[in-house]
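In: Any chance you can model this:
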Amino acid sequence: MKTRVLSLLGLLAVGTVGATAQGRLPSIPQTLSLQDALELSEIYSPIYAQTLNDRGPAAWGVRNAYGSFLPTLNVSSNATYSGAGTQRFLTTNFVQPSATIGSSYSLTLNWTLNGNTLLQPGVQKAALSATDASIDAARMTLRSAVVQQYVAVLEAEAQVALQERQVARNIENLRLAQARHDVGQTTMIDVRQAEVTKGQSDVALLVAEHLVLVNKLTLFQSMGIPAPADPMVVTLSDSFPIIEPHWSLDELLADAEAYNPDMNNLRAQQTSAEWNERSVKSQWLPSLNFIANWSGFTQQFTNGEFLVTSARSQSVANIGGCQESNVINQDLNSRLGLDRPIVGDCNAQFGITPADENAIRASNSVFPFNFFNQPFFLRATVSLPIFDQFNRNLQVSRASAQAEDMKELSRARELQVRTDVSQTFYGLLAAHRAIEIQENNRVAARESTRLARERYRVGAGTFFELLDAQLANEQAEADYITAVFAYHRALVGLEAAVGRPLR
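Out: Residues are numbered from 1 along each chain as shown. You can find the predicted model right below:
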C-alpha cells in the first residue's frame, strides 16, 4: 500500500495545500479514485489518527507487564559540604575544626512478585487487543464515511448531468416554439413559456453544480486533506456497477459475526474486563519483596594540615606518657623486684615521621571517588493481606460488575448487528427492485416525451402537453438516479454492518 500511496502523491497536484502540525499534506490528484481516497484518508484523517495513536501506549503496556518480572535498579549519588564550627547536642559541644566535603553512592535492587504482577501480561495483552479492535472499528467507520461521501459526489454529478440534458432539451423546445411562432403556427405564449422553462432549468443546473462543490469539499474533509482552491478540477474516476444481490442472509450474518468491527471491539473490551477482574481478585494472594543495597561514602577535610597537627600533638602526648611510664616501671622494678615492661625508645615507637605525615595527608584525599564501602544489605519480605476494611471486596465487586456489564453490552451489540444486517440486506433487495421499476418508468417517460414533442412539432399537440411530458420525464430520470444511488448507499451500509467489503 505504501508504494501505491507514494505513486499517488506523485500525481499532478492542483490547488494550494496548507501545512499542519504533522507537516505538509499531500496535494490532491486531478483524478481521484475511491482507492486513492481511502488510502489518503487512512494516512491523514485526524479522527482516525487519534485512535491509531492509542496503540503505542497499549503496546508499551505489554512490555511493561513483562518488565514487571524483572527487578528495578536505582542508582543515586550525592556530594556534601559542611563548614567548620561548633555544634551543640544537649549539654555537649562538638567542635569541627575544618570544613568537610563528602560524596556517596547507593545502588538498590528491588524485586516484587505478587498476583497482580503475574496477571499483568494477560491484562495488558487484552488491552492491546481491545485497542487493535478499536482501530479496526475506526478504520471501518472511516471507510464507510469516505465511500458514502464519494457516492454522494457521484450522485450530485449525475444530477448535474441530468440538469444539463434538461437544459439542452429546453433549449431545443425554445427553438421549436420560436420556429412555430415565426411561421404563425403558435402564439408568443408558447415562446415565453419555453423561455421560463429554460430559465428554471438553468437555475436547477446551478443548484446541482453547487451541490457537487459542497459534496466534494465534504469528501476532502472526511479524507483529512484540505481541498484545492478549485475543487471542481478534481474528478472522480470510479463508478459503481449495479449488481444483483447474490448473498444470502445467513451468509451475511455469519460474516458479521466474524468481521463486524464494533462487535469485535466489544468482545475485546469484555475480555479485557475479565482479565481486570482476575487481576483485582489476585490482591488476596501473598506478596514477595526483595531489596538489595550496595553503598559507600567519602569524607575529606578541606584543611588536611590540622590532621597532621593533631597527630603531632598526639605523638608528643604519647611520648611523654611512654617516658613517664618507663620511669614508674623502673622504680617499681627496683623496689619490688617486679618485671614490668619498659619501652626502650619512646620516640621511635610513638614519634611522627615525615612519611607518616604524608600518609596522613594522603588518607584525607578521598573525595570524590575513593569510597569507603558500607556493608552489603539484603532484605526479603513476605506479606499476606488479612483485613483492609473491605476495600478489596469493593474493588472485586466493581470489577465483576464491569465484566458482567461488558458481557451484556457485547450480547446487546450482537443483537443490534443482526438487526442492522437484516434491515440493510432487505433494504438492498428493495433498492435493487426499485431500480428495475424506475428503469421501466424512465423508458416510458422518454417515449412519452418523444411523442409529445413530435405531436407539438406537427401541430397535433399543445406546448403545455409537451411541458407536462417533459416534466414527467425529468421526474422519472431523477427518480432513477435516486434509486441507483439509494442502492449504492444501501450496499455501503450493508458493508459497514457486515464489517468487510462486498464488491
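In: tell me the pLDDT at the spatially most central residue of the chain?
Out: Most central in the chain under Cα atoms, centre = their mean is residue 53, positioned 1.9 Å from the mean C-alpha point. According to the prediction, residue 53 has pLDDT 95.
In: moving C-terminal of the helix or strand containing residue 291, what's the next helix or strand?
Out: Assigned by DSSP states H and E, residue 291 belongs to strand 287-301. Next along the chain after strand 287-301, taking DSSP H and E as the criterion, comes helix 305-336.
In: Give me the helices and strands touching that next one, please.
Out: helix 346-350, helix 354-364 (3 or more Cβ pairs under 8 Å, 6 or more residues apart in numbering; DSSP states H and E). Every residue, glycine included, has its C-beta placed from N, CA and C.
In: and the ones you listed, which one is worst for confidence?
Out: helix 346-350 (a mean of 80).
In: Just the residues contacting that helix, thanks.
Out: For helix 346-350, the external contacting residues (Cβ atoms under 8 Å, 6 or more residues apart in numbering) are 315, 318, 319, 322, 323, 326, 343.
In: Any buried residues in it, and which?
Out: Going by neighbour count (16 or more other Cβ atoms under 10 Å), the buried part of helix 346-350 is 346, 350.
In: Convert that helix to CSV, retaining C-alpha atoms only.
Out: The C-alpha trace of helix 346-350 is given here as CSV (Å, rounded to 0.1, in the frame of the first residue of the first chain):
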residue,chain,number,x,y,z
CYS,A,346,59.5,6.1,73.1
ASN,A,347,60.4,8.5,70.3
ALA,A,348,60.9,5.6,67.8
GLN,A,349,57.6,4.0,68.8
PHE,A,350,55.3,7.0,69.1
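In: how many neighbours does the closest residue to residue 169 other than its chain neighbours have?
Out: Leaving aside its sequence neighbours, residue 169 sits nearest to residue 470 (Cβ to Cβ, 6 or more residues apart in numbering; 6.4 Å). Residue 470: 21 surrounding residues under other Cβ atoms under 10 Å.
In: quick one: residue 470 from residue 440, how far?
Out: Separation of residue 470 from residue 440 (Cβ to Cβ, to the nearest Å): 19 Å.
In: same thing with residue 453?
Out: Noted for residue 453: a distance of 21 Å to residue 440, by Cβ to Cβ.
In: out of these two, which sits in the busier spot?
Out: The neighbour comparison of residue 453 against residue 440 (other Cβ under 10 Å) goes to residue 453, with 19 against 12.
In: next SSE after the strand or helix carrying that one?
Out: Taking DSSP H and E as the definition, residue 453 sits inside helix 391-457. Elements were assigned by DSSP H and E; along the chain past helix 391-457, the next helix or strand is helix 463-498.
In: State whether residue 384 and residue 288 are indeed in contact, as I suppose.
Out: No. Using Cβ atoms under 8 Å, residue 384 is not in contact with residue 288; the gap is 10.4 Å.
In: the more surrounded of those two?
Out: A direct count of neighbours by other Cβ under 10 Å for residue 384 and residue 288 places residue 288 higher, at 13 against 8.
In: Excluding residues flanking it in the chain, which one is nearest the more buried one?
Out: Distance criterion Cβ to Cβ, 6+ apart; nearest residue to residue 288, sequence neighbours excluded, is residue 113 at 4.6 Å.
In: residues near the one you found, how many?
Out: Neighbour tally, residue 113, other Cβ under 10 Å: 16.
In: need the contact list for it.
Out: Per Cβ under 8 Å, 6+ apart, neighbours of residue 113: 69, 287, 288, 289.
In: Tell me the secondary structure at residue 98.
Out: Secondary structure state of residue 98, per DSSP: H, G, I helix; E, B strand; the rest coil, is coil.
In: The stretch 151-300 of the chain: strands as residue ranges?
Out: Assigned by DSSP state E, counting those that start in this stretch, the strands in the stretch 151-300 of the chain fall at 235-236, 287-301.
In: Against which helices or strands is the shortest one packed?
Out: Using 3+ Cβ pairs under 8 Å, 6+ apart, the elements in contact with strand 235-236 are strand 31-32, helix 115-182.
In: Quick check: which ranges of the stretch 301-450 of the chain have low pLDDT?
Out: Scanning the stretch 301-450 of the chain for pLDDT under 70 picks out the ranges 340-344.
In: let's see 80
Out: Applying pLDDT under 80 to the stretch 301-450 of the chain flags residues 304, 306, 326-345, 348-349.
In: What of the stretch 151-300 of the chain?
Out: Across the stretch 151-300 of the chain, residues meeting the criterion (pLDDT under 80) sit at 173, 180-187.
In: Make JSON lines out of the helices and strands packed on strand 235-236 and add mean neighbour count and distance to residue 268.
Out: Output for the helices and strands packed on strand 235-236, formatted as JSON lines (neighbours: other Cβ atoms under 10 Å; distance: least, Cβ to Cβ, whole Å):
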{"stretch": "strand 31-32", "mean neighbour count": "18", "distance to residue 268": "34"}
{"stretch": "helix 115-182", "mean neighbour count": "19", "distance to residue 268": "4"}
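In: How is this protein divided into domains?
Out: 2-70+116-286+388-498, 76-113+291-383 (automatic domain parsing).
In: and the spatially closest residue to residue 400 that is not a sequence neighbour, what does it touch?
Out: Spatial nearest neighbour of residue 400, excluding adjacent residues (Cβ to Cβ, 6+ apart): residue 277 at 5.5 Å. The neighbourhood of residue 277, defined by Cβ under 8 Å, 6+ apart, consists of 396, 399, 400, 402, 403.
In: cool, residue 41 as well?
Out: 48, 142, 143, 146, 222, 223, 224.
In: Make a markdown table out of those and add distance to residue 191.
Out: Listed next are these as a markdown table, based on distance: Cβ to Cβ, whole Å:
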| residue | distance to residue 191 |
| --- | --- |
| 48 | 57 |
| 142 | 54 |
| 143 | 53 |
| 146 | 48 |
| 222 | 47 |
| 223 | 48 |
| 224 | 52 |
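In: Could you say which helix or strand holds residue 379?
Out: Using DSSP H and E, residue 379 sits within strand 377-383.
In: by contact count, what packs against that strand?
Out: With contacts defined as 3+ Cβ pairs under 8 Å, 6+ apart, the packing partners of strand 377-383 are strand 287-301.
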